[in-house]
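> I'll drop the sequence and a predicted model, then ask my questions.
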Amino acid sequence: MTRILIVEDEESYREPLVYQLTREGYDVSAAATGEEGLELFTKGGIDFVLLDLMLPGIDGTALCRRIREQSRVPIIMLTAKSAEIDKVVGLEIGADDYVTKPYSFRELLARIRAVMRRNQQVQSADQSANGDDLPLVCGDISMQVGQHQVTVRGENVFFPLKEFELLEYLLQNKGRVMTRHQLIDRIWGSDYVGDTKTLDVHVKRVRAKIEEDPSHPKYLTTVRGLGYKIDQPAA
């Protein structure tokens, strides 16, 4: 049974969610603060997280980062904020989706199921492409998918989940041009309706970590009018 952790300080949202998700057959745990949420998550066994952005103590942004340091578990952010910058921040720190309050339970349930399907597809593809956990290598960049580890020029570099998945997908298709649609579809899902600027932001962040001079990238290059590709720099 899938175990969902709800971290939501508003009882008027938290309690109905616990009830409705339990009726849908999920094993639900709930916390009213970031500290309680982190404690429950650290105990293990959580398969999915619904995380409010505005929390007392450890806020949703900080808690999302803490979870991402140790797990790739799917996360949907729940928040009253609807500005584009807030959505981008939520996705950049590793959330898989972003739902703005007030929301309908049916919409949220559809998002949960979509993220779960996408996560399972990514895991299956990773296992098929890298069944023996051989490293994905491109020049001075090396990725161990199973360990969620990336080394660049011999140094370990931390990548939040979405940046990691973007780099992973590009490395799996080294030398091939990946269109913007292909990248968004793979990393955020075919049902993603957010701004495509999110992809550009993630590409910029990945470049900052793998390129010696991000303003003149040699590995992760733009193919004008199409998308991006990663390849070993010419000698």
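Looks like it arrived, so ask away. Numbering: from 1, shown residues only.

> in which helix or strand does Leu78 reside?
Element membership for Leu78, per DSSP states H and E: strand 75-79.

> what is that strand packed up against?
strand 48-52, helix 60-68, helix 84-92, strand 97-100, helix 105-129 (3 or more CB pairs under 8 Å, 6 or more residues apart in numbering; DSSP states H and E). To be clear about C-beta, it is placed using only N, CA and C from the backbone, and glycine gets the same treatment.

> lowest mean pLDDT across these, which one is that?
When these are compared on average pLDDT, helix 84-92 comes out lowest at a mean of 60.

> which residues of the protein fall in strands?
Per DSSP state E, the chain carries strands over the ranges 3-7, 27-31, 48-52, 75-79, 97-100, 136-138, 141-144, 149-152, 155-157, 178-179, 220-223, 227-230.

> adjacent strands (with direction) for the strand holding Leu78?
strand 48-52 (parallel), strand 97-100 (parallel) (DSSP bridges).

> contact partners of that strand?
For strand 75-79, the external contacting residues (CB atoms under 8 Å, 6 or more residues apart in numbering) are 8, 13, 48-54, 60, 64, 67-68, 86, 90, 94-101, 103, 108, 111-112, 115.

> and if we set it to 7 Å?
Contacts with strand 75-79, where a contact means CB atoms under 7 Å, 6 or more residues apart in numbering, come from 8, 49-54, 60, 64, 67, 86, 90, 94-101, 111-112, 115.

> out of these, which end up buried?
Burial by neighbour count, judged by 16 or more other CB atoms under 10 Å, picks out 8, 49-53, 60, 64, 67, 86, 90, 94-99, 111-112, 115 from the contacts of strand 75-79.

> could you chop the protein up by domain?
3-125, 136-230 (the TED database).

> excluding chain neighbours, give the residue nearest to Gly175 in space.
Take Gly175 and drop its neighbours on the chain: the residue closest to it by CB to CB, 6 or more residues apart in numbering is Asp231, 4.8 Å away.

> ok, that neighbour to Leu171 distance?
Using CB to CB, to the nearest Å, one gets 10 Å for the distance from Asp231 to Leu171.

> please apply the same query to Leu50.
On the measure of CB to CB, Leu50 and Leu171 end up 31 Å apart.

> try Asn119
Applying CB to CB, the value for Asn119 to Leu171 is 19 Å.

> might you list the low-confidence residue ranges for the protein?
Scanning the chain for pLDDT under 70 picks out the ranges 81-92, 121-133, 190-195, 235.
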